[in-house]
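**Student:** 3D model of this:
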Amino acid sequence: MHDPNLPDNCTQASIDARFEPEESAWTARYVAQLAHRRDRLAAMRTELAAARFDGSYDNTDIVGYIDDEIETVSAAMAHPCAC
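**Tutor:** Take a look at the predicted model:
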């Protein structure tokens, strides 16, 4: 059965295959959660980029913040054991 927390066409086995045997068992689950968060942030960015905000925070500020969050999550995915 497909895990609803994993992206389409992705299995736990394919995620596990990305990691070295000596890495902790939690690493694959953590990276899957980060990938899910990155996908949600990207969807929010797309939606907010299409809207117009004026005031203290405009589109540039909001989209820039989301871009920073996506970059942070992607960096955590690249080096999950660096914490």
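
**Student:** Sticking with Asp61, tell me its helix or strand.
**Tutor:** Assigned by DSSP states H and E, Asp61 falls within helix 59-78.

**Student:** Thr46 too?
**Tutor:** Going by DSSP H and E, Thr46 is in helix 26-50.

**Student:** orientation of that helix relative to helix 59-78 in degrees?
**Tutor:** 170 degrees (axes from the mean of the first three to the mean of the last three Cα atoms, to 10 degrees).

**Student:** From the chain's centroid, how far away is helix 26-50?
**Tutor:** Distance of helix 26-50 from the chain centroid (Cα atoms, centre = their mean, to the nearest Å) equals 3 Å.

**Student:** Report the buried residues of that helix.
**Tutor:** Buried residues in helix 26-50, counted by 16 or more other Cβ atoms under 10 Å: 27-32, 34-35, 37-38, 41, 45. Yep, even glycine has a C-beta here, placed from its N, CA and C like the rest.
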